[in-house]
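Asks: sequence and predicted model, in that order:
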Amino acid sequence: QKEVEQNSGPLSVPEGAIASLNCTYSDRGSQSFFWYRQYSGKSPELIMSIYSNGDKEDGRFTAQLNKASQYVSLLIRDSQPSDSATYLCAVNPGGYQKVTFGIGTKLQVIP
Amino acid sequence: GAGVSQSPSNKVTEKGKDVELRCDPISGHTALYWYRQSLGQGLEFLIYFQGNSAPDKSGLPSDRFSAERTGGSVSTLTIQRTQQEDSAVYLCASSAPTGRVSYEQYFGPGTRLTVT
């Protein structure tokens, strides 16, 4: 079982719709969770961090964490073509252990 | 402030040559990571430095790869006797613990390595 699992996609959504990106992780003791956005040919960029169960909103982005289900998601409201990118989920087990990345989900927002 | 910088941005080398890739992390960041990303693929972890602790080298693909971090700041990734399969973008990231459970990573622009 991979430590951090994501569907590679592509996930296609029409402009203005809600995009839902999902991630599961295997280490039940994980403490920190991150979403990165990577445009083609660019390096990953941190867009959201979440540490506690529940929702965290930042503009059009909402991160959701459910530690009991070992599940973290990212919702993008009012999706725009500029949101088209690969979204990477990352998990830190805690302490000084390394962060582990999922393979990423490619999102395509169709105008 | 200044972000993570990497040099060179592009490197073309002949098979069998050695290469050195440099990473300058964000000032004060205690953790530094190296990743490799082949075209269309995910991030492949290579090595992780945290403060003065022994580095986590579990991702290095072979003994041709090595890395060091001098003075807790600048890091150099060295690939000896390069092979064509080493061609990829090499990404460096740094982070600083802002709390007990915070490890937000900030990435450099990467070095694109092409082995001919």
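Replies: Now that the structure is in, tell me what you want to look at.

Asks: output stretch B:65-84 as PDB - backbone C-alpha positions only.
Replies: Provided in PDB are the C-alpha atoms of stretch B:65-84 (Å, rounded to 0.1, in the frame of the first residue of the first chain):
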ATOM      1  CA  PHE B  65      24.200   9.800  -6.000                       C
ATOM      2  CA  SER B  66      25.400  11.700  -2.900                       C
ATOM      3  CA  ALA B  67      24.500  15.000  -1.200                       C
ATOM      4  CA  GLU B  68      25.900  17.200   1.400                       C
ATOM      5  CA  ARG B  69      24.800  20.200   3.300                       C
ATOM      6  CA  THR B  70      27.500  22.500   4.500                       C
ATOM      7  CA  GLY B  71      27.000  24.700   7.600                       C
ATOM      8  CA  GLY B  72      23.300  23.800   7.700                       C
ATOM      9  CA  SER B  73      22.600  25.900   4.700                       C
ATOM     10  CA  VAL B  74      23.700  25.300   1.100                       C
ATOM     11  CA  SER B  75      23.400  21.800  -0.300                       C
ATOM     12  CA  THR B  76      25.000  20.100  -3.200                       C
ATOM     13  CA  LEU B  77      23.700  17.000  -4.900                       C
ATOM     14  CA  THR B  78      26.400  15.100  -6.800                       C
ATOM     15  CA  ILE B  79      25.700  12.500  -9.500                       C
ATOM     16  CA  GLN B  80      28.700  10.500 -10.500                       C
ATOM     17  CA  ARG B  81      29.100   8.700 -13.900                       C
ATOM     18  CA  THR B  82      25.800  10.000 -15.100                       C
ATOM     19  CA  GLN B  83      23.500   7.800 -17.100                       C
ATOM     20  CA  GLN B  84      20.700   8.700 -19.500                       C
END
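
Asks: so is it next to chain A?
Replies: No: contact of stretch B:65-84 with chain A (C-beta under 8 Å from any C-beta of the partner chain) is absent, the minimum separation being 13.7 Å. (Glycine included, C-beta is placed from N, CA and C.)

Asks: and that stretch, which residues are buried?
Replies: Using 16 or more other C-beta atoms under 10 Å in any protein chain shown as the test for burial, stretch B:65-84 gives B:F65, B:A67, B:R69, B:S73, B:S75, B:L77, B:I79, B:T82.

Asks: mind putting the residues you listed into CSV with secondary structure and pLDDT?
Replies: Converted to CSV, the buried residues of stretch B:65-84 look like this (DSSP: H, G, I helix; E, B strand; the rest coil; pLDDT from 0 to 100):
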residue, secondary structure, pLDDT
B:F65, strand, 98
B:A67, strand, 97
B:R69, strand, 94
B:S73, coil, 88
B:S75, strand, 97
B:L77, strand, 98
B:I79, strand, 98
B:T82, coil, 98
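
Asks: now render those residues as JSON lines, adding distance to B:S94.
Replies: Listed next are these as JSON lines, based on distance: C-beta to C-beta, whole Å:
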{"residue": "B:F65", "distance to B:S94": "19"}
{"residue": "B:A67", "distance to B:S94": "14"}
{"residue": "B:R69", "distance to B:S94": "10"}
{"residue": "B:S73", "distance to B:S94": "9"}
{"residue": "B:S75", "distance to B:S94": "9"}
{"residue": "B:L77", "distance to B:S94": "14"}
{"residue": "B:I79", "distance to B:S94": "21"}
{"residue": "B:T82", "distance to B:S94": "25"}
